[in-house]
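Enquirer: with the sequence up front, the predicted model follows.
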Amino acid sequence: MPADGVVCRTWLNFGGSRRIELSLHLLFVLTMAVVTWLLAVGLFPRLFPGWQPGLYWLVASGVAVIDCLAALAHELGHAVVAIARGRRVYRITLYGLAAAARRSAGPSRPRDQFAIALAGPVSHLLVACALLCAWSMLPIDNEPLRVAMGFPAMSNFLAGLLNLLPVSPLDGGRVLRAVLAAL
Ligand SMILES: [Zn+2]
């Protein structure tokens, strides 16, 4: 394993020289395993008794994958808006439910900072809306499938709201700073 803990690396192309290095850290794999285990053994059997044992693992791993990918959606939200506003985004590293990005520094206008910061929580809320739409179309009697969609819909909705809290270092804190700077 490389010294930086990255187990997988790829590049996302946004046209021209605007490409972002996307790295999966070992913590991503560990987080997925731990979240899957906690849901399959701890939470789901208590909340939803009576499923086949294998179903708990299947639904738990699906939820873990969706929630970890939502962390990517969050960072991509920041990245796409940052690129649209003329900033450079060099790298996104996924650590599981958290992710980090390296962007070009430099002064940017408060309205750019506002849009870039807001894009992260909004991405969570958009993922939550998409999952909720899918959830509403599922058959009412298929509880495992409804949990596989409904659980990450709820967690993304909460993650979006949590990130909007106006405290540092959350995105909401950056949004508030940008608003105060514009006044
Ligand atoms: Zn963010």
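Expert: Received, thanks.
Enquirer: would you mind naming what in the protein lies close to the ion?
Expert: 120, 171 (C-beta under 5 Å from the ion). (C-beta placed from N, C-alpha, C; glycine too.)
Enquirer: going along the chain, name the helices of the chain.
Expert: With DSSP state H, the ranges of helices along the chain come out as 26-37, 44-47, 53-84, 110-136, 143-163, 171-182.
Enquirer: any idea which of these gets closest to residue 15?
Expert: helix 53-84 (9.5 Å; C-beta to C-beta).
Enquirer: buried stuff in the closest one?
Expert: 55-57, 59-64, 66-68, 70-83 (16 or more other C-beta atoms under 10 Å).
Enquirer: who does the helix or strand of the chain with the lowest mean pLDDT touch, helix- and strand-wise?
Expert: Sorting the helices and strands of the chain by mean pLDDT, DSSP states H and E puts strand 99-103 at the bottom, at a mean of 82. Contacting strand 99-103 under the criterion 3 or more C-beta pairs under 8 Å, 6 or more residues apart in numbering; DSSP states H and E are the following elements: helix 53-84, strand 89-94.
Enquirer: report the buried residues of the shortest one.
Expert: This points to strand 89-94. Quick answer for strand 89-94 (16+ other C-beta under 10 Å): 89, 91-94.
Enquirer: chain center to it: distance?
Expert: 13 Å (C-alpha atoms, centre = their mean, to the nearest Å).
Enquirer: now the angle between helix 53-84 and it, please.
Expert: With axes from the mean of the first three to the mean of the last three C-alpha atoms, to 10 degrees applied, the angle from strand 89-94 to helix 53-84 works out at 170 degrees.
Enquirer: who touches residue 96 in this structure?
Expert: Taking C-beta atoms under 8 Å, 6 or more residues apart in numbering, we find residue 96 in contact with 25, 27-28, 30-32, 35, 68, 71.
Enquirer: redo those residues as CSV? Include pLDDT.
Expert: Shown next, in CSV, are those (pLDDT from 0 to 100):
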residue, pLDDT
25, 93
27, 92
28, 91
30, 93
31, 92
32, 92
35, 94
68, 87
71, 90
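Enquirer: wait, which of these is closest to residue 156?
Expert: residue 71 (10.0 Å).
Enquirer: and the closest one, what does it touch?
Expert: Here residue 71 is in contact with 94-99 (C-beta under 8 Å, 6+ apart).
Enquirer: do the same with residue 53
Expert: By C-beta under 8 Å, 6+ apart, residue 53 has no neighbours at all.
Enquirer: okay, the nearest residue to residue 18 once chain neighbours are set aside: pLDDT?
Expert: Spatial nearest neighbour of residue 18, excluding adjacent residues (C-beta to C-beta, 6 or more residues apart in numbering): residue 83 at 5.8 Å. We have a pLDDT of 88 for residue 83.
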